[in-house]
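Novice: Coordinates for the following, if possible.
(one chain, ligands or ions: 2)
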Amino acid sequence: MKFELRVNGRQFQVDVDPDTPLLWVLRDHLQLTGTKFGCGKGLCGSCTVHLDRRAARACVTPVSAVAESEITTIEGLASRDGSEVQDAWVAEQAPQCGYCQPGMIMATAALLDRHAAPSDEEIDKSITNLCRCGSYPRIRRAIHRAAQARGGAGGGTTRRSEESEEEEGTKRGDA
Ligand code: FES
Ligand code: FES
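Specialist: Residues are numbered from 1 along each chain as shown. Ligands and ions are numbered 1, 2, ... in the order given. Model prediction:
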């Protein structure tokens with residue numbers, strides 16, 4: 001079945017089964033391989049994209065559900081919103097292996113659309129993506145940095161010492 005998709009501001013046509021997950025359409029048909037496959041069950045968040053600026057997990061989103069949506073992937077985020085989030089990621093050296101990071105960045109951009117200056121608690125509640133390397137403390141710092149770069153006040157931060165944050169990140173990564 002043919003579907004018209006709007007991805008990163010461009011129009012595409014694909015001919016696929018309606019149940020095909022958006023993740024595979026992006027990766028295999030449109031060659032947008034920045035969106036990663038992790039669990040395939042909507043749990044890890046490595047496949048996070050935006051549908052009409054809201055974070056969505058592409059592995060459990062059938063292509064038939066998104067024909068009317070504005071789809072944004074990691075490849076199109078900076079041209080749509082500016083590069084503050086990616087710049088903050090670089091400045092805080094957030095990635096370790098990097099596999100989870102496109103999804104983390106997309107989840108962050110969606111969070112900052114709703115909360116200009118999220119607190120640590122709001123970050124932990126909203127960003128449910130998993131990182132096997134345990135880079136959560138660096139990600140949290142990068143989110144605060146991106147919020148400030150976007151003009152958020154940066155309030156509500158309950159930042160603990162770098163040492164204790166890194167320790168916590170290791171524990172979460174080991175979970
Ligand atoms: S691959 Fe989609 S949530 Fe894990
Ligand atoms: S940086 Fe390796 S899984 Fe997150």
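Novice: domain parsing for this structure?
Specialist: Domain ranges of the chain: 2-77, 83-174, per automatic domain parsing.
Novice: Can you tell me which of the ones you listed has the worst average pLDDT?
Specialist: Sorting the domains of the chain by mean pLDDT places domain 83-174 lowest, at a mean of 85.
Novice: what packs against whatever helix or strand residue 105 lives in?
Specialist: Assigned by DSSP states H and E, residue 105 belongs to helix 101-114. Counting contacts by 3 or more C-beta pairs under 8 Å, 6 or more residues apart in numbering; DSSP states H and E, helix 101-114 packs against strand 48-51, strand 54-57, helix 74-81, helix 84-91, helix 120-126, helix 136-149. From N, CA and C alone the C-beta is placed, and that goes for glycine too.
Novice: next one: that helix to chain centre, how far?
Specialist: 4 Å (C-alpha atoms, centre = their mean, to the nearest Å).
Novice: likewise stretch 118-127?
Specialist: Distance of stretch 118-127 from the chain centroid (C-alpha atoms, centre = their mean) equals 14 Å.
Novice: If we go by neighbour counts, what in the helix holding residue 105 is buried?
Specialist: 101-112 (16 or more other C-beta atoms under 10 Å).
Novice: any idea of the angle that helix forms with helix 84-91?
Specialist: 130 degrees (axes from the mean of the first three to the mean of the last three C-alpha atoms, to 10 degrees).
Novice: got the contact list for helix 101-114?
Specialist: 34-36, 38, 44-50, 53-55, 72-74, 77, 81, 85-86, 89, 94-95, 118, 122-123, 126-129, 131, 139, 142-143, 146-147, 150, 152 (C-beta atoms under 8 Å, 6 or more residues apart in numbering).
Novice: Out of those residues, which end up buried?
Specialist: Applying 16+ other C-beta under 10 Å to the contacts of helix 101-114, the neighbour count classes 34-36, 38, 44-50, 55, 72-74, 77, 81, 85-86, 89, 94-95, 118, 123, 126-127, 129, 131, 139, 142-143, 146-147, 150, 152 as buried.
Novice: Lovely, talk soon.
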